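Chemist: need a structure here:
(one chain, ligands or ions: 1)
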Amino acid sequence: LQHFLTIKKLKNDQVEELIKRAEYFKAGGAVPEYAQPIYAVNMFFENSTRTHCSFEMAERKLGLQTIPFDPVASSVKKGETLYDTLLALNSIGVNLAVIRHSQNEYYKELIDLDETQKLNMGIVNAGDGSGQHPSQCLLDMMTIHEQFGHFKGLKIAIIGDLTNSRVARSDMRLLRQLGAKLYFSGPTCWYSSEFTEFGSYGKVDDLLPQMDVVILLRVQHERHKQEIGFSPTEYHTEYGLTRKRYTHMKKNAIIMHPGPINRGVELASELVESSRSRFAKQMQNGVFMRMAMIEAVINGRGLGGKQ
Ligand code: CP
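Modeler: Here you go, the predicted structure:
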């Protein structure tokens with residue numbers, strides 16, 4: 001891969017290969033030795049804890065040199081465009097940029113270049129607006145695969161703030177492609193025609209007892225333009241994973257959440273580290289999946305050089 005921007009064009013065998021490679025890294029497999037230094041920059045224009053630190057950890061484990069970049073202290077604040085910022089970084093020798101940005105498909109202006117433009121670096125999408133979150137999606141696939149060993153026929157519910165969720169948009173697409181059966185729940189105002197193609201809507205209490213995997217989404221208050229019409233307690237009672245609902249889940253069912261969690265809203269606080277929860281496992285797996293993703297771009301661009 002020249003870039004890692006979306007999961008939309010990934011074939012099932014590529015997904016399986018990435019999961020296998022991430023599992024190899026997780027099991028302590030040796031990392032490749034590159035003949036020349038590879039320089040990476042992590043550019044997070046939206047807040048992040050796990051994706052940012054996880055990419056940085058992945059880069060360090062792969063032996064990459066990470067160049068610090070702080071959007072607030074950068075010349076972006078003087079009005080420099082994203083393209084020109086990358087041109088500067090590329091000119092000083094940066095090979096890979098991991099970018100999170102509030103603009104959907106921000107990467108198009110960085111890869112659809114005309115012949116006058118000279119940008120020559122790999123772009124890894126760490127989340128674009130409400131578009132895609134490929135690394136979260138792939139670490140989710142790894143976590144589900146780790147639990148069940150397959151995807152075909154698994155019943156999976158995605159519950160919550162669907163409209164604003166790049167995680168939902170990425171996960172639903174790849175899960176359907178891999179053969180899972182999808183369901184959605186949460187406030188009906190967040191379930192639009194965009195989702196009907198991927199799965200049907202059901203009430204939380206009807207769905208939960210049948211699901212193998214429950215993916216809870218954060219209520220993204222910072223993206224809502226108007227009041228959402230219910231308090232955190234009302235949301236929890238109506239749509240959240242309460243302690244009572246937890247007891248109705250299937251014996252081997254698991255709970256996932258991309259984080260950060262609104263404790264007591266999407267799920268009861270004491271369920272965050274419960275036996276069914278894979279929240280910490282997702283974050284742990286994220287490092288290894290991001291290693292596999294970065295390695296795929298390094299190989300795709302021939303950056304490692306010959307030994
Ligand atoms: N899941 C996720 O993207 O978390 P952060 O916003 O903390 O990176």
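Chemist: any idea which helix or strand carries the residue sitting nearest the centre point of the chain?
Modeler: A centroid search over the chain (CA atoms, centre = their mean) returns Gln136, at 1.9 Å, as the residue closest to the centre. If you go by DSSP states H and E, Gln136 is part of helix 134-148.
Chemist: now that helix: average pLDDT?
Modeler: Averaged over helix 134-148, pLDDT sits at 98.
Chemist: repeat that for stretch 50-64.
Modeler: Mean predicted lDDT for stretch 50-64 stands at 98.
Chemist: is the ligand within reach of that stretch?
Modeler: Yes - shown here: stretch 50-64 in contact with the ligand (CB under 6 Å from any ligand atom) through Arg50, Thr51, His52. The way it works is simple: take the backbone N, C-alpha and C, and place the C-beta from them, glycine included.
Chemist: contacts for the helix or strand following the helix holding Gln136?
Modeler: Per DSSP H and E, the first helix or strand lying C-terminal to helix 134-148 is strand 155-159. With contact meaning CB atoms under 8 Å, 6 or more residues apart in numbering, strand 155-159 is reached by 144, 168, 171-172, 175, 180-186, 199, 202, 204, 207-208, 210-217, 239, 241, 266.
Chemist: emit the ChimeraX select command for whichever of those are buried.
Modeler: To isolate the buried ones among those in ChimeraX, judged by 16 or more other CB atoms under 10 Å, type:
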select :144,168,171,172,175,180,181,182,183,184,185,186,199,202,204,207,208,211,212,213,214,215,216,217,239,241,266
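Chemist: ok, and of the contacts of strand 155-159, which contact the ligand?
Modeler: Of these, not one also sits near the ligand (CB under 6 Å from any ligand atom).
Chemist: out of the contacts of strand 155-159, list just those in helices.
Modeler: Ile144, Ala168, Asp171, Met172, Leu175, Val204, Leu207, Tyr239 (DSSP state H).
Chemist: isn't the fifth one right next to Phe151, touching?
Modeler: I take that to be Leu175. Yes - assessed by CB atoms under 8 Å, Leu175 is found in contact with Phe151 at 6.6 Å.
Chemist: strands along the stretch 201-307 of the chain, start to end?
Modeler: 213-216, 254-256 (DSSP state E, counting those that start in this stretch).
Chemist: can you add mean pLDDT and give the ones you listed back as CSV?
Modeler: Shown next, in CSV, are the strands of the stretch 201-307 of the chain (pLDDT from 0 to 100):
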stretch, mean pLDDT
strand 213-216, 98
strand 254-256, 98
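Chemist: OK, now which residue of the stretch 101-250 of the chain is nearest to the ligand?
Modeler: Closest approach between the stretch 101-250 of the chain and the ligand, counting by CB to the nearest ligand atom: Gln136, at 5.1 Å.
Chemist: Thr233 versus that residue, what's the distance?
Modeler: According to CB to CB, to the nearest Å, Gln136 stands 28 Å off from Thr233.
Chemist: Ile156 too?
Modeler: Distance from Ile156 to Thr233, by CB to CB: 27 Å.
Chemist: ditto for Gln220
Modeler: Taking CB to CB, one finds Gln220 at 18 Å from Thr233.
Chemist: settle it for me: which of the two has more neighbours?
Modeler: Set Gln220 next to Thr233 and count neighbours by other CB atoms under 10 Å: Gln220 wins out with 16 against 11.
Chemist: which residues touch that one?
Modeler: So Gln220 contacts Asp161, Asn164, Ser165 (CB under 8 Å, 6+ apart).
Chemist: which of those come close to the ligand?
Modeler: Near the ligand, by the rule CB under 6 Å from any ligand atom, you find none of the contacts of Gln220.
Chemist: out of the residues you listed, who's the most crowded?
Modeler: In these, the most neighbours by other CB under 10 Å go to Asp161, 24 neighbours.
Chemist: hmm, it is touching Gly186, no?
Modeler: Yes - using CB under 8 Å, Asp161 is in contact with Gly186, at 6.9 Å.
Chemist: find the residues that touch each one of these two.
Modeler: Counting by CB under 8 Å, 6+ apart, the residues touching both Asp161 and Gly186 are Leu217.
Chemist: what does the stretch 1-150 of the chain have sitting close to the ligand?
Modeler: Contacts of the stretch 1-150 of the chain with the ligand, taken as CB under 6 Å from any ligand atom, map to Ser48, Thr49, Arg50, Thr51, His52, Gly127, Gln136.
Chemist: mind listing which of the residues you listed are in strands?
Modeler: If you go by DSSP state E, these have Gly127 in strands.
Chemist: check which residues of the top helix by length along the chain are buried.
Modeler: Assignment by DSSP H gives helix 279-301 as the longest helix of the chain. Buried residues in helix 279-301, counting neighbours by 16+ other CB under 10 Å, are found at 279, 281-283, 285-298, 301.
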